[in-house]
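>>> no sequence on hand, only this structure:
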């Protein structure tokens with residue numbers, strides 16, 4: 001039997017097991033590739049990944065990335081490979097409303113409102129059968145920032161994106177009072193996230209960050225972390241400029257700064 005070497009296999013190699021199957025690299029998720037038949041594989045091992053359908057009905061795959069296991073939806077992987085990067089504030093939509101039909105021709109980047117419209121016309125929108133009530137939404141709001149969103153989602157039997165939308169003010173903002181926040185900050189995975197105090201999960205705000213940067217000169221970072229209810233790693237990232245980079249300490253006007261005593265005056 002002929003053995004193929006992974007390094008010599010081009011990204012658009014056709015799989016002999018599936019007729020006319022074409023593979024393309026998924027930008028930002030190398031070495032994973034998606035096919036025009038809705039499958040995902042690791043190009044290094046040439047192994048086809050197992051697909052698991054989650055409670056929301058979407059097929060997903062498990063990827064090994066940054067030394068940890070993450071779950072990605074198959075339709076998003078296919079659209080990234082064949083349709084290009086996702087524009088800001090856009091979502092992946094199934095044009096025929098069938099969540100398991102993940103061929104490139106059936107997928108498109110659309111706005112949130114357009115995606116909801118697609119769900120309505122295809123009869124897959126469950127807005128008339130809401131799982132959440134006003135009381136539950138307010139409970140969720142009270143839990144944000146205290147426990148992980150995935151645990152909140154499990155407690156209320158909803159998907160994590162539902163909790164995320166509430167925290168970002170994209171849904172139920174008429175009740176929670178959370179202003180709608182745009183996800184304009186791009187993280188290491190290429191996803192757009194809100195940053196600073198605009199992030200619904202943030203424990204700190206700009207004022208507290210400035211206080212932390214001043215306190216580091218007088219007390220230890222461990223004590224600062226306890227005072228503000230964050231980890232020591234968070235304090236370290238603030239100090240070295242890896243987090244809250246947009247927050248700057250106010251500049252002191254030399255003309256208005258108090259004069260320091262000369263050494264001879266303190267003797």
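The structure has been received and is ready for your questions. This is a predicted model, so every value here is computed, not measured.
>>> neighbours of residue 93, how many?
22 (other CB atoms under 10 Å). For every residue, glycine as well, the C-beta is placed using N, CA and C.
>>> partners of the one helix or strand it maps to, with directions?
According to DSSP states H and E, residue 93 maps onto strand 90-94. Pairing partners of strand 90-94, with direction, according to DSSP bridges: strand 107-111 (antiparallel).
>>> got a list of contacts for the partner strand?
75, 78-79, 82-83, 86-87, 89-95, 118 (CB atoms under 8 Å, 6 or more residues apart in numbering).
>>> tell me how far residue 112 lies from residue 135.
To residue 135, residue 112 is 25 Å away according to CB to CB, to the nearest Å.
>>> repeat that for residue 103.
Applying CB to CB, the value for residue 103 to residue 135 is 42 Å.
>>> please identify which of these two sits among more neighbours.
More crowded of residue 103 and residue 135, by other CB under 10 Å: residue 103, with 15 against 8.
>>> isn't the more buried one up against residue 34?
No: in terms of CB atoms under 8 Å, residue 103 does not count as a neighbour of residue 34; the distance is 10.6 Å.
>>> any residues in contact with both of these two?
Shared contacts of residue 103 and residue 34 (CB under 8 Å, 6+ apart): residue 78.
>>> residue ranges of the helices in the stretch 1-150 of the chain, please?
Applying DSSP state H, counting those that start in this stretch to the stretch 1-150 of the chain gives helices spanning 74-83, 112-121, 134-143, 149-155.
>>> and among the ones you listed, the most buried is which?
helix 74-83 (a mean of 22; mean count of other CB atoms under 10 Å).
>>> name the helices or strands packed onto that one?
For helix 74-83, the elements it packs on are strand 23-25, strand 32-35, strand 40-42, strand 59-65, strand 90-94, strand 107-111, judged by 3 or more CB pairs under 8 Å, 6 or more residues apart in numbering; DSSP states H and E.
>>> quick one: closest of these to residue 154.
Nearest to residue 154, of all the helices and strands packed on helix 74-83, is strand 59-65, at 16.3 Å by CB to CB.
>>> sheet partners, orientation included, of the closest one?
Per DSSP bridges, strand 59-65 is paired in its sheet with strand 52-53 (antiparallel), strand 68-73 (antiparallel).
>>> dump the ones you listed into TSV; add mean neighbour count, distance to residue 29 and mean pLDDT as well.
What follows is the strands paired with strand 59-65, written out as TSV (neighbours: other CB atoms under 10 Å; distance: least, CB to CB, whole Å; pLDDT from 0 to 100):
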stretch	mean neighbour count	distance to residue 29	mean pLDDT
strand 52-53	12	17	92
strand 68-73	13	7	90
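>>> got any ranges where this structure has weak pLDDT?
For the chain, the stretches flagged by pLDDT under 70 are 1-18, 120-131, 181-201, 248-267.
>>> can you do 50?
For the chain, residues meeting the criterion pLDDT under 50 lie at 1-16, 126-129, 183-184, 186, 192, 252-267.
>>> ranges for the strands of the stretch 101-250 of the chain?
107-111, 185-186, 192-193 (DSSP state E, counting those that start in this stretch).
>>> tell me how far residue 169 lies from residue 89.
Separation of residue 169 from residue 89 (CB to CB): 13 Å.
>>> tell me the one of the contacts of strand 107-111 nearest residue 173?
Among the contacts of strand 107-111, and counting by CB to CB, the member closest to residue 173 is residue 89, at 15.5 Å.
>>> thought the closest one was touching residue 115?
No: using CB under 8 Å, residue 89 and residue 115 do not qualify as a contacting pair, with a distance of 11.0 Å.
>>> pull the contacting residues for the closest residue to residue 82 other than its chain neighbours.
The shortest distance from residue 82 to any non-neighbouring residue, by CB to CB, 6 or more residues apart in numbering, is to residue 104 (3.8 Å). By CB under 8 Å, 6+ apart, the contact list for residue 104 reads 36, 78, 79, 81, 82, 83.
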